[in-house]
Structures are given as C-alpha cells and as structure tokens.
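K.L.:
mind looking at a prediction? Sequence and model below.
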Amino acid sequence: MSGSCCSNPGLHRLTMTSLDGDAIRAGVGELAASRLAGFEAFAEIDSTNSYLMHSEAPAIGAIRVALTDNQTAGRGRHGRTWQSPAGSGLCLSVAYTFGRQPRDLAALTLALGLGVAETLDGLGAEGVQLKWPNDLMADDSKLGGILTEAQAPSRGAITVVTGIGINLDLREGRLDSGLGRKVIDLERFAGEPLERNKLAARLIDGICETFVTYETSGFEAFAARWPRRDWLLGRGLTISLAQEQLTGVGAGVAEDGALLVDTGSGAFSRVTSGTIVSTAFARAAP
Ligand code: BTN
C-alpha cells in the first residue's frame, strides 16, 4: 500500500508513514501465517470491519485480515463513528471462524484487549490499560478501541470480526474527542514513533493467538491478567444500561468477563452490556 504524493505536505508525510501490506504479511509469525486465509491492505477504505463482515467467512480455525491507515467511515460500539483520517491511526480487522460458539463470547473483546496491550508492551509502549469492555487507555486518555461483531452462525460455526483502532499520530498529541474524553496517540505515549508495519504484524500475531486460546478455554484463560490492566478498578463510575443507569465503583470482572460494580448495597452488580457514561476519582495507589 502506498500513498500518492502531491503538493500537500501532509500527504508527503503520509507517503513516508503509510503501511506496506507486503512487509506486514511477510512479518507475521508462524501461527498467524499458517492460518492466514486472506490478507488485504487498503490505501483507503470505508471500514475494515464492514469489509470483512460482508466478505466470505474464513474456514474454521482460519483468519482473514483487512487493514488500512486511512478509514473514511469507521465504526465504533453502539453505532458511534471512529475517526481515523489518513495516516493518523492503524485500523486493523481480523475475522476468525470458531467451530462452535466459544464460552463467554461476550468477553472475547476483553481477551483481545489484553493481547493488544501485551503486544504493545513488547514493542516498548508499556502499561496500556483497558477500560471495560473495549477501550485502550494510556495516561488516562483513549488510545484506541476494539469493535467485535459476529456474523450469523452457519451450521454451528460462528465467524467473529474484531476491529482494532489505534491512534498513531494525531499531530496535536492530545485532543478532546468532543465527548469530553481525552484522547492520546501511540507516538506521544511511547515517546517515539513505532515502526508501523512491525506493529501491525505483531498485533495480527497477538489477535490470532487470542482467538485460538479462546476457542478452547474461553475467558477463563485470560481472567487473571485482567486486574493489572483494569482502568475502572476502584474508580467511581456511572454506566448506562438498557433501561437505567447504575452508579458505583468498579470492582473488577467476574470469571465470565462481566463488569462488577460495587453500588454500596452489599452485593456487587454484574453488568454484561452497557456504556460507561462517566468516571470519577482514581483509585488510591496500592
Ligand atoms: C470503539 O472505541 O467504540 C471501537 C472502535 C473500533 C475502531 C476499529 S478501526 C478498525 C475497525 N473498523 C471499523 O470500522 N471499526 C474498527
């Protein structure tokens, strides 16, 4: 994939930073390479998740990858948009077909988030946290997000498309997302630009590994790794549920990945689906 150059200095910069599909494909590790049923790098696309959701599903146990750094109609959770103008972020989607629906499918995004954070650790961007269920947080600001969607099951098999959006270079460093939430990019967080093709290849490896482990073990294999990444732990929060709002303090996740909220009533409330609408104080240092 290559950007074209013209008199726009921004585009010139894009030419130097855009993704190289061949290099990424050649850079993936053994596991992902052995399961790769499709790989497409786009100079521009509306949404890599939409693309894979409308593409032929990979065979059971195989992955299909679509990526870009220029997404024009990116989607986030709950119908929100995900903005990623040319060169500003990595947009990576991976489709995987499970032979049958795995245990705790709703918590797959949490496991994928752990894989992404650990991949970033390995590349020097250490300490990314996760805001249940799908936000990647760095320096208390949003670094990226994950959108997991499932295609209709066919003969028991189920194909999941997971899309990761990571802010790479927002140029102004830290912007207001317009929703009153701070955002950050990887360049500022890591203190230097990361090699984008290597980043994409390692993320594909991590995502593939997560899918394969999840298939046999569900969230159980990941639960112990959650607490140290849990950005909501000990924070005051208000979460919007289908019919009501719940206010309390983040108290970790259950074995199946449900968010636990201490509402002060003596028992923790379990939340399996909802949107965090506000957070308050940070937890005290341990
Ligand atoms: C969120 O924060 O709500 C999730 C954002 C997910 C964005 C990624 S970018 C790659 C993939 N394609 C999309 O349209 N969305 C996901």
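P.N.:
Here it is on my side, so go on.

K.L.:
residues from the stretch 151-286 of the chain in reach of the ligand?
P.N.:
Taking Cβ under 6 Å from any ligand atom as the contact definition, the stretch 151-286 of the chain meets the ligand at 163-165. Yep, even glycine has a C-beta here, placed from its N, CA and C like the rest.

K.L.:
pLDDT below threshold where in this structure?
P.N.:
By pLDDT under 70, the low-scoring segments of the chain are 1-17, 172-180, 281-286.

K.L.:
so what sits opposite the most centrally placed residue in it in the bridge?
P.N.:
For the chain, residue 146 is the residue whose C-alpha lies nearest the centre (Cα atoms, centre = their mean; 2.9 Å). Residue 146 has the following beta-bridge partners by DSSP bridges: residue 164.

K.L.:
that one: what's it in contact with?
P.N.:
By Cβ atoms under 8 Å, 6 or more residues apart in numbering, the contact set of residue 146 is 109, 112-113, 116, 134-136, 162-165.

K.L.:
what would the residues of the stretch 151-286 of the chain next to the ligand look like in JSON lines with neighbour count and distance to residue 41?
P.N.:
Shown next, in JSON lines, are these (neighbours: other Cβ atoms under 10 Å; distance: Cβ to Cβ, whole Å):
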{"residue": "163", "neighbour count": "28", "distance to residue 41": "15"}
{"residue": "164", "neighbour count": "30", "distance to residue 41": "15"}
{"residue": "165", "neighbour count": "27", "distance to residue 41": "16"}
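
K.L.:
now the residues you listed in CSV, with distance to residue 214?
P.N.:
Shown next, in CSV, are these (distance: Cβ to Cβ, whole Å):
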residue, distance to residue 214
163, 16
164, 15
165, 21
